[in-house]
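K.L.:
pasting the structure only:
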């Protein structure tokens, strides 16, 4: 009952292309933080999430976990926003 399911970046892109995700739909993505992709702009953290088949640009604002870093596995939650891609 405590299992957390998520999509990998390549699965997310497939669902985005097939229009099976609805704007505002809750989504959970998992993968690794791509090497050299972490950038900070004030409180905003930008990085790429990859599954080695595809990569997504992620924008995050909030406290950053201590173990966050390049090549680390992460699971993120948010809402689908097609205009943000």
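P.N.:
Done, it's in. All values derive from a computational prediction rather than experimental measurement. Numbers count the residues shown, from 1 in each chain.
K.L.:
ok, and what's touching stretch 51-70?
P.N.:
Here stretch 51-70 makes contact (C-beta atoms under 8 Å, 6 or more residues apart in numbering) with 8-10, 12-13, 29, 31-38, 43-50, 74, 76, 84-85. Placement of C-beta: from N, CA and C, glycine included.
K.L.:
In strands only, show me these.
P.N.:
Taking DSSP state E as the definition of strands, the contacts of stretch 51-70 contribute 29, 31-33, 44-50, 74, 76.
K.L.:
neighbour-wise, which of those residues leads?
P.N.:
Each of those was scored by neighbours using other C-beta atoms under 10 Å; the highest score is residue 31's, at 26 neighbours.
K.L.:
partners of it in the sheet?
P.N.:
Taking DSSP bridges as the rule, residue 31 bridges to residue 74.
K.L.:
So which residues of the protein form helices?
P.N.:
Taking DSSP state H to define them, one finds helices in the chain at 9-17.
K.L.:
Low-confidence regions, it specifically.
P.N.:
1-4, 82-85 (pLDDT under 70).
K.L.:
do that again at 50, thanks
P.N.:
By pLDDT under 50, the weakly predicted segments of the chain are 85.
K.L.:
Dump the ones in strands among the contacts of stretch 51-70 into JSON lines; add distance to residue 58 as well.
P.N.:
Putting these into JSON lines (distance: C-beta to C-beta, whole Å) gives the following:
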{"residue": "29", "distance to residue 58": "8"}
{"residue": "31", "distance to residue 58": "9"}
{"residue": "32", "distance to residue 58": "12"}
{"residue": "33", "distance to residue 58": "9"}
{"residue": "44", "distance to residue 58": "11"}
{"residue": "45", "distance to residue 58": "8"}
{"residue": "46", "distance to residue 58": "7"}
{"residue": "47", "distance to residue 58": "6"}
{"residue": "48", "distance to residue 58": "7"}
{"residue": "49", "distance to residue 58": "5"}
{"residue": "50", "distance to residue 58": "10"}
{"residue": "74", "distance to residue 58": "9"}
{"residue": "76", "distance to residue 58": "6"}
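K.L.:
Those: which two are farthest apart?
P.N.:
Within those, 32 and 44 form the most distant pair, 20.5 Å apart (C-beta to C-beta).
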